[in-house]
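S.K.: My questions are about this predicted structure, shown below with the sequence.
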Amino acid sequence: MSMGKIDKVLFHIYSLGKGGAERVVTTLASEMVKRGIKVVIATLAEENEEYPLPDGVKRIDVGLSDNESKKNKLQRMDLRIRKLRNCLAKEKPDVVYAFMQTANYRAIMAAAPLKIPVIISVRSDPRVDYASKKQKILSSRLYRKAAGAVFQTSGARDFFPGEIADKAAVILNPISEKYLKTGRSKERRKVYAAVGRFHDAKDYMTMVKAFEMFLEKHEDYSLEIYGGDSGDNSRLQVAEYVHGHGLDEKILFMGSRSNVAECIKDVTAYVLSSKYEGLPNALMEAMALGLPVIATDCPSGGPAALIKDGENGLLAEAGNPKELAAAMSKMAEYPDEADRVGEEAKKIRDIANTVKITDEWLEYAKRCIYG
């Protein structure tokens, strides 16, 4: 490593499956390679559906074999740490960026004997992931040993003790280039769109109840939900409600799509109904398209960090279908105002494009390493 320069980085994350953190990792990795930085991504597993590995990025498997997976929990944990440590010893990165709770823990323990700096990243609401006494103690002890910590919102950062929060950085997620190259269509469909896999945290039940209320006065609209199934039974529950209330022709399950930007660029508005969020990529992408956006003001403050209510979007109380329905009505009944809100939302392109966000990750790493 040249003084004051980062020549090689290693990202550690469970897999490259299609989630928000994984998207951030692959986006940052791709941009860093373009700048001549050597990039390695160390993962434990491969998913059936993953983000493609960026050109020039090396991926290393530090997961367990079938026989190793049969060992007890402590043995498996130790093996994973040792495999990651061996990877770090061989690759010799200037810095490790770890993403998600268990990857954060593992990276800190693996890198400590090698004196390789680790920057951990918390990607969801810590009041959920770190709620138990065990997790509070474990994170407090381990995260103090990290060279730095990246959070998506100040609310998530402030959950942790001062020693961790004081050295942390709050960095937005980078917006995928395809959303920066696509603009909102002039022709609008009478459709509201939601994007994100079915999961209890997304609270699609509140969304469909809100849309049902909205339909009482706006019967010519429909709702399209883009996203796969997380397997937690939430999709089935929502589907049963939709069918049971005769909404099959009005609320459509669109599944996972690789061309979501093209699919939603002509909708009336984008809607997010989550109970809690980190910093929702799909919301940022909808804003980058220039769509009017509606989101719940949920912990740990991701939507509120992005939206100034009434200026570049609308915020509604989490779990409150009446408020969500009222926001939908505003977007439908005041189209000129909705267009203005969408144009304001589009300004997120200036602060969350890939080049700017990659700059922030690299500059923060330099501060952590060199002071």
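M.R.: Good, I have the coordinates.
S.K.: longest helix of this structure?
M.R.: As assigned by DSSP state H, the longest helix anywhere in the chain is helix 73-91.
S.K.: and Glu337, what is it in contact with?
M.R.: Lys330 (C-beta atoms under 8 Å, 6 or more residues apart in numbering). The C-beta positions use only the backbone N, C-alpha and C, and glycine is treated the same way.
S.K.: Would you tell me what helix or strand it is located in?
M.R.: Assigned by DSSP states H and E, Glu337 belongs to helix 335-345.
S.K.: counting contacts, what elements does the helix or strand harbouring Tyr192 pack onto?
M.R.: Following DSSP H and E, one finds Tyr192 within strand 191-195. With contacts taken as 3 or more C-beta pairs under 8 Å, 6 or more residues apart in numbering; DSSP states H and E, strand 191-195 sits against helix 204-215, strand 222-226, helix 260-264, strand 269-272, helix 281-289.
S.K.: sorry, back to before: and the longest helix of the chain, which residues are buried?
M.R.: 79-81, 83-85, 87-88, 91 (16 or more other C-beta atoms under 10 Å).
S.K.: Of those residues, which is the nearest to Asp125?
M.R.: Arg80 (25.2 Å; C-beta to C-beta).
S.K.: following the helix holding Glu337, which helix or strand comes up?
M.R.: Criterion used, DSSP H and E; the element after helix 335-345 is helix 348-352.
S.K.: Pairing partners for the nearest residue to Phe253 once chain neighbours are set aside in the sheet, please.
M.R.: Nearest residue to Phe253 in three dimensions, chain neighbours excluded: Ile225, at 5.6 Å (C-beta to C-beta, 6 or more residues apart in numbering). Counting by DSSP bridges, Ile225 is bridged to Ala194, Phe253.
S.K.: Checking Glu219 next. Helix, strand or coil?
M.R.: At Glu219 the chain is in coil, as set by DSSP: H, G, I helix; E, B strand; the rest coil.
S.K.: Tell me the spacing between it and Met207.
M.R.: According to C-beta to C-beta, to the nearest Å, Glu219 stands 18 Å off from Met207.
S.K.: So for these two, which sits in the more crowded spot?
M.R.: Met207 (26 against 10; other C-beta atoms under 10 Å).
S.K.: Pretty sure that one sits against Leu324.
M.R.: Yes - the pair Met207 / Leu324 is scored as a contact, 6.7 Å apart, by C-beta atoms under 8 Å.
S.K.: one step back: show me how far the longest helix of the chain is from its chain's centre.
M.R.: Computed by C-alpha atoms, centre = their mean, to the nearest Å, the separation of helix 73-91 from the middle of its chain amounts to 26 Å.
S.K.: packing partners for the next helix or strand after it?
M.R.: The helix or strand immediately downstream of helix 73-91 is strand 95-99, counting by DSSP H and E. Packing partners of strand 95-99 (3+ C-beta pairs under 8 Å, 6+ apart): strand 8-12, helix 20-34, helix 101-111, strand 118-122, helix 354-370.
S.K.: hang on, the earlier thing: now the angle from the longest helix of the chain to strand 8-12?
M.R.: 160 degrees (axes from the mean of the first three to the mean of the last three C-alpha atoms, to 10 degrees).
S.K.: got a list of contacts for helix 73-91?
M.R.: 8, 10, 12, 40, 42, 44, 60, 62-64, 68-69, 71, 96, 106-107, 109-111, 113-114, 116.
S.K.: which among these end up buried?
M.R.: Buried among the contacts of helix 73-91 by 16+ other C-beta under 10 Å: 10, 12, 40, 42, 44, 60, 62-64, 96, 106-107, 109-111, 116.
S.K.: Quick check: the farthest pair among these?
M.R.: Greatest spacing in the buried ones among the contacts of helix 73-91, by C-beta to C-beta: Leu64 and Ile116 (22.2 Å).
S.K.: Determine the number of other residues adjacent to the nearest residue to Ser139 once chain neighbours are set aside.
M.R.: Using C-beta to C-beta, 6+ apart and skipping residues adjacent in sequence, the residue nearest Ser139 is Tyr130, 5.4 Å away. Number of residues near Tyr130 (other C-beta under 10 Å) recorded here: 21.
S.K.: now do Leu236
M.R.: Neighbour tally, Leu236, other C-beta under 10 Å: 12.
S.K.: doesn't it fall inside a strand?
M.R.: No - per three-state DSSP, Leu236 lies outside any strand segment and is helix.
S.K.: quick one: what helix or strand has Val150 in it?
M.R.: strand 148-151.
S.K.: roughly how far apart are the nearest residue to Arg35 once chain neighbours are set aside and Lys34?
M.R.: Leaving aside its sequence neighbours, Arg35 sits nearest to Thr358 (C-beta to C-beta, 6+ apart; 7.7 Å). Separation of Thr358 from Lys34 (C-beta to C-beta) stands at 9 Å.
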